[in-house]
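Asker: take this sequence and fold it.
(2 chains)
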Amino acid sequence: MNQNEALAWLAGIFEESPESLRPETPRDEIAAWDSLGVLTLMAELDEKFNIQLEADDMENMKKVQDLLAVLERHGALTPA
Amino acid sequence: MSLSRVDGFRLAGVATCAPPLVVDNSDLGKDFGADEVRKVVSMAGVRRRRVVEPGITATDLCFEAAAALLEQLKWPRESITGLILVTQSPDYFLPSSSCMVHKWLGLPDTCAAFDVGLGCSGYPYGLYLASAMLKAGGHQRILMLHGETPSRFTSPDDHATTLLFGDLGSASALELAPDGPSGYFCLQTDGTGYDGLIMRGGGFRDRTPENPRHRYLEMDGAGIFNFTIKRVPPLIRDTLAFANLNVSDVDAFLFHQSNRFIMKHLAKKCGVPEERMPFTLDEFGNSGGPSVALALTYGLREAERKARRVMMVGYGVGLSWGSALVELNADAALTHATYSGTVARL
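Answerer: Down below sits the predicted model:
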């Protein structure tokens, strides 16, 4: 998965238009990235990539780039 | 890994008892906002909950479940030599709630009675303890009660927990059966997550907390979900492997009714068909560990009660998780009732 595909996938999870998400988009600008949205995200990460987040990952999820970094670290994102 | 096989016992029956008061979550829109309530209800799957009124405790609910079960089984009180009560909602720090039920049921002096402090994982732990006591000798019949009143833990301003929890008592009857089937258990713990679900105040570390929020449950929802998806699938896989069985060999998977979204995710990940995983969240909410018993007494529809081999799965506060893979006789007593408060107590 490349970065554009990853952004489109995340946009689908958070019910945003694909073009509205950029790596620098902060969490608080994404309405559906709330406490329930995190559960959906975690379920999707687990189901699609078998990725389970670590406590540090969860504490440090402040913007879209942080999610891209998780995907990259688990080999699910082709480095730019 | 803590895997155990216990031979020579039989789960003779299970009874559950829920309080009569029904809270409809849709009525709480005025407190938390209609959209917020809709989102939580839709994800957690809790439309209504059964909650206790002030003054009614988990011990009361367990007592009525136990009385109903003994009535159905026609077990003489003198034949019961063990009473285990699993709860994190005790009436008092001391004495143990099990001693109160011992009195109310009129059990003999020859009966051992003790409490076990576990929550969401309590059902398989309690079943293991009871079966191991039978196997150890000196006992013919043991009652394992498991009750919780989580609705009493929740802070009125915390919608994530207030909309989720209901209350329930249960009683399970086990007896020695030398030719009975084997039970398979897996019990595990990760204490590093002890504060993922916690009530910080009220215990001896902080008897009278200055922060009023510390009198109520704090839940790290994302952390608990993360724990669940990491730990529960291997738990099921390892228990089945230990028993030399596959998912298709198990008639029903009786999960702690934590949250519909989480349970559906687990079912998918474990390859468990949803029709073999009963849900009771819609009507009862998350009633903690005893919800495993409710999945059996209420969740399995009458037509499916011929389910013989069941896997019971508990996971949560501790962090603690466990499974019990047991076989039920066709004549096992399974009953569910509403708390009346009128059952005679000795």
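
Asker: next up, the contacts around the most centrally placed residue in chain A.
Answerer: The residue lying closest to the centre of chain A (C-alpha atoms, centre = their mean) is residue A:67, at 3.9 Å. Contacts for residue A:67 were tallied using C-beta atoms under 8 Å, 6 or more residues apart in numbering or on different chains; they are A:6, A:10, A:41, A:61. For the C-beta atoms, the positions are set from N, CA and C on the backbone; glycine is no exception.

Asker: ditto for residue B:230
Answerer: By C-beta under 8 Å, 6+ apart, the contact list for residue B:230 reads residue A:52.

Asker: report the buried residues of the lowest-mean-pLDDT helix or strand in chain A.
Answerer: Scoring the helices and strands of chain A by mean pLDDT, DSSP states H and E places helix A:55-59 at the bottom, with a mean of 78. Buried residues in helix A:55-59, counted by 16 or more other C-beta atoms under 10 Å in any protein chain shown: A:57, A:58.

Asker: could the contacts of residue A:67 be laid out in a markdown table, adding secondary structure?
Answerer: Converted to a markdown table, these look like this (DSSP: H, G, I helix; E, B strand; the rest coil):
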| residue | secondary structure |
| --- | --- |
| A:6 | helix |
| A:10 | helix |
| A:41 | helix |
| A:61 | coil |
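
Asker: and the residues you listed near chain B, which?
Answerer: Among the contacts of residue A:67, none lies close to chain B by the criterion of C-beta under 8 Å from any C-beta of the partner chain.

Asker: so which of those comes closest to residue B:62?
Answerer: Nearest to residue B:62, judged by C-beta to C-beta, of the contacts of residue A:67 is residue A:41 at 38.7 Å.

Asker: gap between residue B:208 and residue B:46?
Answerer: In this view, residue B:208 and residue B:46 are 32 Å apart by C-beta to C-beta, to the nearest Å.

Asker: quick one: which of those two has more around it?
Answerer: Legend: neighbour count by other C-beta atoms under 10 Å in any protein chain shown for residue B:208 and residue B:46, higher for residue B:46 (24 against 8).

Asker: quick check: residues of the stretch 151-300 of chain B near chain A?
Answerer: For the stretch 151-300 of chain B, the residues in contact with chain A (C-beta under 8 Å from any C-beta) are B:160, B:221-223, B:225-226, B:229-230, B:261-262, B:265, B:268-269.

Asker: can you select the buried ones from those residues in PyMOL?
Answerer: Selection of buried members from these for PyMOL, criterion 16+ other C-beta under 10 Å:
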select buried, chain B and resi 160+221+222+223+225+226+229+230+261+262+265+269
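
Asker: can you flag which of the residues of the stretch 151-300 of chain B next to chain A belong to helices?
Answerer: Counting by DSSP state H, the part of those found in helices is B:160, B:221-223, B:225-226, B:229-230, B:261-262, B:265, B:268-269.

Asker: one step back: name the SS class of the residue nearest to the centre of chain A, please.
Answerer: Judged by three-state DSSP, the three-state class of residue A:67 is helix.

Asker: then residue A:23?
Answerer: Per three-state DSSP, the secondary structure class of residue A:23 is coil.

Asker: low-confidence ranges, chain B, go.
Answerer: Counting by pLDDT under 70, the low-confidence segments of chain B come to B:1, B:302-307.

Asker: center of it - which residue?
Answerer: Central residue of chain B (C-alpha atoms, centre = their mean): residue B:290, at 1.9 Å.

Asker: and it, how far is that from residue B:332?
Answerer: Note on residue B:290: its distance to residue B:332, by C-beta to C-beta, is 17 Å.

Asker: then residue B:130?
Answerer: Taking C-beta to C-beta, one finds residue B:130 at 15 Å from residue B:332.

Asker: of these two, who's got more company?
Answerer: More crowded of residue B:130 and residue B:332, by other C-beta under 10 Å: residue B:130, with 26 against 18.
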